[in-house]
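Novice: Everything below, folded, please.
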Amino acid sequence: MKILVPTDFSENANNALEFAKKIAKHKNASITLLYAFYAVYDFASQATEIIGQIEMEAKRELKKATEKGQAEGLRFDYKIIQGTVSTAVTSIALREDYNLIVMGTQGASGIKKALIGSNTGHVIKESKIPVLAVPFNSDWGKENKISVALELEKEDEKYFKKLFSLTEELKLPYEFFHIKTDDNFEKEIEFKGLEVFLREEYPNKDISFTVVYAKEVNKGIQQYLDQNPGAMLVMFSKNKTFFEYIFNKSTSLEMAFHTHVPLLVVK
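Specialist: Take a look at the predicted model:
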């Protein structure tokens, strides 16, 4: 397994790196630290000097972090790329067959602010591989369950297989939840059928199911997270469906997730 960790050397990014290290130890995975920068300068003559200085300082910090990781028994390397963060991260992750991107979110207001116009938000939307977004105040070890928000719209087993593959070594129970905003017989049947299927196909997994009643999906998720502060939230990203609805610009501005739970987006 290969994990890509973008960094700007901030405390926020360093916190995400600690999450990546814990996962790497469980999964016997390698970690690549990525520093991407976009140099802005007034005259072409400044380019070489500015770029050289940026790369020199970045290399010093990356080398320090790499040596620390290797001293902890992990397989570590690093890359320096010129370009925007989101483009560099998503293109390298896909081209070089990484299995997971781990990024810190910005600020202290949780998922809402972090996913509006941030590098993390752009990576989540553009990435072809799973992304773990780690809020600033998250501490590894506080999670007591993996909470999976279900859309119940043509669920595909491949997402569940990838979820279990990424998280099984964490040894946490799984809780699948659905936000019910109205009476929908077809979704009720699908929810019950999915429960039976997963219990039969994965008998060794600690699995539970729950329904949250709310007038709006985003408020239902907020309600669930308020009641389950130790959750790691998981969402399945499928083209132009529930995930895009939740995180499109207009909806995100109305969300009030006062939470600091990690968010794993399974692609």
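Novice: Where does Ala88 sit: helix, strand or coil?
Specialist: helix (DSSP: H, G, I helix; E, B strand; the rest coil).
Novice: before we move on, what SS does the closest residue to it other than its chain neighbours have?
Specialist: Nearest non-adjacent residue to Ala88, counting by CB to CB, 6 or more residues apart in numbering: Ala36, 3.8 Å away. Where you see a C-beta, it was placed from the backbone N, CA and C, and this is true even at glycine. Here Ala36 is recorded as strand under three-state DSSP.
Novice: Next, count neighbours for Ala36.
Specialist: A count of neighbours around Ala36, defined by other CB atoms under 10 Å, yields 21.
Novice: Would you agree it is in contact with Gly83?
Specialist: Yes. With contact defined as CB atoms under 8 Å, Ala36 counts as touching Gly83 (5.7 Å).
Novice: Do you have the helices of the stretch 1-150 of the chain handy? List them.
Specialist: Assigned by DSSP state H, counting those that start in this stretch, the helices in the stretch 1-150 of the chain fall at 11-27, 44-71, 85-95, 110-114, 119-126.
Novice: Of those helices, which stretch is the most buried?
Specialist: Of all those, helix 110-114 carries the top mean neighbour count, a mean of 23, counting by mean count of other CB atoms under 10 Å.
Novice: show me where pLDDT drops low in this protein?
Specialist: 39-49, 106-117, 239-259 (pLDDT under 70).
Novice: what's the domain layout of it?
Specialist: 2-134, 145-262 (automatic domain parsing).
Novice: most tightly surrounded among those?
Specialist: domain 2-134 (a mean of 18).
Novice: that older thread, if I look at the residue nearest to Ala88, how far off is Lys21?
Specialist: In this view, Ala36 and Lys21 are 21 Å apart by CB to CB, to the nearest Å.
Novice: thinking again about what came up before, turn the helices of the stretch 1-150 of the chain into JSON lines, including distance to Ile189.
Specialist: Formatted as JSON lines, the helices of the stretch 1-150 of the chain follow (distance: least, CB to CB, whole Å):
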{"stretch": "helix 11-27", "distance to Ile189": "36"}
{"stretch": "helix 44-71", "distance to Ile189": "48"}
{"stretch": "helix 85-95", "distance to Ile189": "37"}
{"stretch": "helix 110-114", "distance to Ile189": "30"}
{"stretch": "helix 119-126", "distance to Ile189": "31"}
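Novice: Between these, which one is closest to Glu200.
Specialist: Closest to Glu200 of these is helix 11-27 (CB to CB; 26.4 Å).
Novice: who touches the closest one?
Specialist: 1, 3, 5-7, 29-31, 33, 65, 69, 72-75, 100, 102-106, 132, 134, 136, 138, 140, 169-170, 262 (CB atoms under 8 Å, 6 or more residues apart in numbering).
Novice: go on, stretch 60-74?
Specialist: When contacts are defined by CB under 8 Å, 6+ apart, stretch 60-74 is touched by residues 7, 9, 17, 21, 24-25, 30-31, 33, 35, 76-78, 80.
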